[in-house]
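Engineer: Please work out how this folds:
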Amino acid sequence: MSLPNVSADLIWEVTRAQNAYLVSRKTAPHTQFSRDPLNLLNVHSRKYAGYVNDKAIGISPNEKGGVTVISKKAGFANKPAAGTHTVTYGGNKTARKTYKGVASQTAKSGYRADLRQVAVARASAIRKSQRPVKATPEKKLRGPAAKRAAEEK
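Structural biologist: Numbering: from 1, shown residues only. Here you go, the predicted model:
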């Protein structure tokens with residue numbers, strides 16, 4: 001005897017108050033976040049919840065720089081191990097190629113075009129965090145009074 005599949009809306013209604021990914025604090029009672037790896041904004045909402053939707057995208061940093069894009073395969077709801085597709089964009093690629101790849105993987109073939117801008121923004125933030133931090137240059141002395149004051153010290 002096999003049970004029919006349960007709809008994503010029903011899963012969300014049952015699990016939205018309590019699930020393993022939900023983060024809510026008592027200090028800010030109406031703010032709820034999500035630790036779901038397939039949630040691009042880390043916001044607890046039906047649209048971005050990766051465990052609920054049949055098609056979901058997750059972007060995480062790669063160990064050697066770059067980003068890893070994880071997407072769910074729609075037909076593999078009962079096989080979680082085979083149900084993900086992973087693509088890695090290395091740190092040696094230009095940022096533009098990475099964003100183009102993320103955007104095309106998200107929106108092409110009718111796969112969650114509503115998440116394209118959010119996915120590119122997340123990839124951009126990850127790539128920006130992986131850049132080395134520039135040292136702040138020394139302040140230049142401007143004007144003769146500042147130069148005299150520096151010489152006296």
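Engineer: Point out where this protein drops to low pLDDT.
Structural biologist: Within the chain, the stretches with pLDDT under 70 are 1-4.
Engineer: show me where it has strands.
Structural biologist: Counting by DSSP state E, one finds strands in the chain at the ranges 22-24, 32-34, 57-61, 66-72, 84-90.
Engineer: Pull out the buried residues from the second one.
Structural biologist: If you call a residue buried by 16 or more other C-beta atoms under 10 Å, then strand 32-34 has these buried ones: 33-34. Using the backbone N, CA and C atoms, a C-beta is placed for each residue, glycine as well.
Engineer: got a list of contacts for it?
Structural biologist: Under the criterion C-beta atoms under 8 Å, 6 or more residues apart in numbering, residues 21-24, 42-44, 48-49 lie in contact with strand 32-34.
Engineer: Also the last one?
Structural biologist: Under the criterion C-beta under 8 Å, 6+ apart, residues 62, 64-73, 97-98, 101-102, 105, 123 lie in contact with strand 84-90.
Engineer: hmm, 7 Å instead?
Structural biologist: 62, 64-73, 98, 101, 105 (C-beta atoms under 7 Å, 6 or more residues apart in numbering).
Engineer: Could you do the fourth one as well?
Structural biologist: Where contact means C-beta under 7 Å, 6+ apart, the residues beyond strand 66-72 that reach it are 37-38, 54-62, 83-91, 93, 98, 102, 105, 123, 126-127.
Engineer: The third one too?
Structural biologist: Under the criterion C-beta under 7 Å, 6+ apart, residues 37-38, 40, 50, 67-71, 102, 106, 112, 115, 119, 122-123, 126, 130 lie in contact with strand 57-61.
Engineer: Could you rerun that using 6 Å?
Structural biologist: Identification of contacts with strand 57-61 by C-beta atoms under 6 Å, 6 or more residues apart in numbering yields 37-38, 67-71, 106, 115, 119, 122-123, 126.
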